[in-house]
Structures are given as structure tokens and as C-alpha cells.
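1. mind looking at a prediction? Sequence and model below.
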Amino acid sequence: MYEWFFNGFSMAQILVLGFCAILIGINKTGMPGIGTLPVVMLMLTFEPRLSTGLQLMMLGAADLIAVTYYRRHANWVIVMKLLPWALVGIAVGILVLRGLDGGMLRVAIGWIIIVMVMLNFLRQRFLKNTENLPDHWMFSAFFGLAAGLTTQVANAAGPVMAIYLLSMRLPKKEYMGSCAWYFLILNWLKIPIFIFEGRITAAAFKADLAMIPLLLVGGMLGILFINKINQKVFEIIIQVLVVVTAIYLIVSSPSA
């Protein structure tokens with residue numbers, strides 16, 4: 001049974017995969033700011049394209065857990081504003097990846113996170129000087145395109161959504177519900193694309209099947225967290241984790 005699930009995987013890779021499964025479960029149901037950390041860990045442990053395929057399947061499974069719990073809390077006005085632009089961003093990401101080999105993909109992932117850190121600082125500066133977010137369509141278009149591009153290239157759209165949804169000042173459960181539905185739609189649309197691109201393999205699929213119990217554990221831990229934390233602390237934790245994980249990826253990347 002062990003060989004069927006993990007044929008060709010080292011023990012170190014299995015341990016990292018398991019830890020990332022728990023983190024992804026927590027990320028999807030209670031602490032969205034840690035979503036970049038599995039990107040970092042998987043990228044440093046596996047070949048870049050395979051790392052994104054391994055992560056996407058776990059994300060898709062965890063999205064189902066999150067939507068089951070938060071199915072009534074989504075702000076569909078916000079979700080529908082972002083989705084069309086995110087689909088365009090995914091298409092751009094497909095074109096970008098055609099010109100990248102494994103080493104170049106590592107560099108691209110590093111730059112994506114650099115941009116996310118810059119966006120986070122801009123968000124903080126913007127909200128410091130004004131109470132209301134502009135309703136101009138270009139604002140949603142920018143974040144939708146950025147989310148689509150980053151999710152297609154590196155499954156790294158979490159910081160983009162964190163910046164956008166925190167700017168909208170959503171209550172924490174509405175924040176989580178909007179994230180849950182948004183990423184469920186995008187990630188399941190991406191799975192056939194990743195299979196076609198060779199980023200999801202049969203070996204990766206088997207390994208991820210074994211991670212389902214750990215995803216459930218992470219999901220339950222995330223729900224416990226979200227029910228205990230207050231709104232202000234919730235927002236501060238997300239902001240700090242977005243910055244810390246982004247900086248860690250930049251520093252630890254072989255392209256740095």
C-alpha cells in the first residue's frame with residue numbers, strides 16, 4: 001500500500017507533503033494568510049512544475065471542505081466581480097508558462113511573491129488615508145487579473161485575495177466564504193489544464209490521495225481557530241503571515 005501511494009517519493013518529500021496538507025486545510029478554513037507557506041515548502045522539495053501540481057490537487061480537495069462549512073457566507077457580488085478577470089489571468093498564465101523551464105519557473109514564483117509584498121504595503125498605505133475603497137471596475141480588474149495569473153503560474157493567489165478582501169473590510173466568515181467559493185471555482189477549472197501541461201501526474205495523484213485525512217485534520221483545526229479569534233486579531237494575523245511567507249520565499253528561493 002505504501003509503495004502504491006508513494007512510489008518514487010523520498011521520506012523527506014512525504015513528510016513535507018503531509019505537513020503542507022495540514023497547512024492547506026488550516027489555510028482554507030481558518031487562516032488564509034498561511035497559503036503561501038506550502039508554495040514555498042513544496043517548491044523547495046519538489047521539481048517546480050510537479051510542486052504546483054501536487055499542491056493544486058490538495059487545494060481542490062480542501063476547497064470542498066471549506067465550501068461545505070462556509071457555503072452560506074460568500075459575498076457573491078465580490079466573487080462575480082473578480083471571476084471574469086481571473087479567467088483572463090489564467091489564460092495569460094498559460095501563455096507565460098509555455099516559455100518557462102523549471103529554473104525560470106522558480107524565478108517567476110519569486111517575483112510573483114515580491115509583487116504580492118508590494119501590493120500589501122500599498123494596501124496598508126491606501127487604507128491609512130481613506131475609509132472607503134473605490135468601486136471603480138479597474139480595481140477589481142487589477143486584482144482579478146493578478147489572482148488568475150498567480151494562481152495559474154504558482155498557486156500563489158492567496159496573498160492577492162487577502163489584500164483585496166481585507167480592503168473590503170468583510171466580516172471574517174464572509175471573508176472565508178468568499179475565498180472558499182472563489183478558489184473552488186478557479187482551482188477545479190485549473191485541474192484539467194494542469195493535467196494537459198503535465199504538472200499533475202499519476203504518481204502525484206496517488207500521493208495526494210493519501211493526504212486527504214491530513215487535509216481534514218487541517219480543516220478542523222482551521223475551523224477551531226476561526227471560531228476563537230476576534231475580527232481585529234484575525235486581520236492582523238493575515239497581514240503578518242502574508243508578509244512573512246512572501247519574504248521567506250524571496251530569501252529562500254534558489255533564484256534569489
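-> Yes, it's here.

2. quick one, helices of the stretch 101-250 of the chain?
-> Secondary structure of the stretch 101-250 of the chain (DSSP state H, counting those that start in this stretch): helices at 102-129, 137-154, 158-167, 172-197, 202-209, 212-228, 231-252.

3. what's next to the shortest one, contact-wise?
-> This points to helix 202-209. 4-9, 14, 17, 50, 53-54, 57-58, 61 (CB atoms under 8 Å, 6 or more residues apart in numbering). Where C-beta positions appear, they are placed from N, C-alpha and C, glycine not excepted.

4. mind running it again at 10 Å?
-> 3-9, 13-14, 17-18, 21, 46, 50-51, 53-61, 194-195, 200-201, 215 (CB atoms under 10 Å, 6 or more residues apart in numbering).

5. what angle sits between it and helix 172-197?
-> Between helix 202-209 and helix 172-197, the angle comes out at 160 degrees (axes from the mean of the first three to the mean of the last three CA atoms, to 10 degrees).

6. hang on, the earlier thing: buried subset of the contacts of helix 202-209, written for ChimeraX?
-> Command for ChimeraX that selects the buried part of the contacts of helix 202-209, burial taken from 16 or more other CB atoms under 10 Å:
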select :6,9,13,14,17,18,21,46,50,51,53,54,55,56,57,58,59,60,61,194,200,201,215
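
7. next step: the contacts of helix 202-209 restricted to helices.
-> Within these, residues falling in helices by DSSP state H are 3-6, 13-14, 17-18, 21, 50-51, 53-61, 194-195, 215.

8. and the nearest residue to residue 76 once chain neighbours are set aside, how many neighbours?
-> Nearest non-adjacent residue to residue 76, counting by CB to CB, 6 or more residues apart in numbering: residue 181, 7.7 Å away. Residue 181 has 21 neighbours, counted by other CB atoms under 10 Å.

9. ok, of the helices of the stretch 101-250 of the chain, where does mean pLDDT dip lowest?
-> Among these, helix 102-129 has the lowest mean pLDDT, at a mean of 61.

10. how about stretch 77-93 as PDB, C-alpha atoms only?
-> Taking Å, rounded to 0.1, in the frame of the first residue of the first chain, the C-alpha atoms of stretch 77-93 are listed here in PDB:
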ATOM      1  CA  VAL A  77     -21.100  40.300  -5.600                       C
ATOM      2  CA  ILE A  78     -17.400  40.400  -4.900                       C
ATOM      3  CA  VAL A  79     -16.800  36.900  -6.200                       C
ATOM      4  CA  MET A  80     -18.500  37.700  -9.500                       C
ATOM      5  CA  LYS A  81     -16.600  40.900  -9.900                       C
ATOM      6  CA  LEU A  82     -13.300  39.100  -9.700                       C
ATOM      7  CA  LEU A  83     -14.000  35.800 -11.600                       C
ATOM      8  CA  PRO A  84     -14.100  37.000 -15.200                       C
ATOM      9  CA  TRP A  85     -10.900  38.900 -14.800                       C
ATOM     10  CA  ALA A  86      -9.300  35.900 -13.000                       C
ATOM     11  CA  LEU A  87     -10.200  33.700 -16.000                       C
ATOM     12  CA  VAL A  88      -8.300  36.100 -18.300                       C
ATOM     13  CA  GLY A  89      -5.400  36.000 -15.800                       C
ATOM     14  CA  ILE A  90      -5.300  32.200 -16.000                       C
ATOM     15  CA  ALA A  91      -5.200  32.400 -19.800                       C
ATOM     16  CA  VAL A  92      -2.200  34.800 -19.600                       C
ATOM     17  CA  GLY A  93      -0.600  32.400 -17.100                       C
END
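
11. for the closest residue to residue 224 other than its chain neighbours, phi and psi?
-> In space, not counting the residues next to it along the chain, residue 224 is nearest to residue 30; the distance is 7.2 Å by CB to CB, 6+ apart. Per-residue torsions, residue 30: phi -150, psi -20 (degrees, to the nearest 10).
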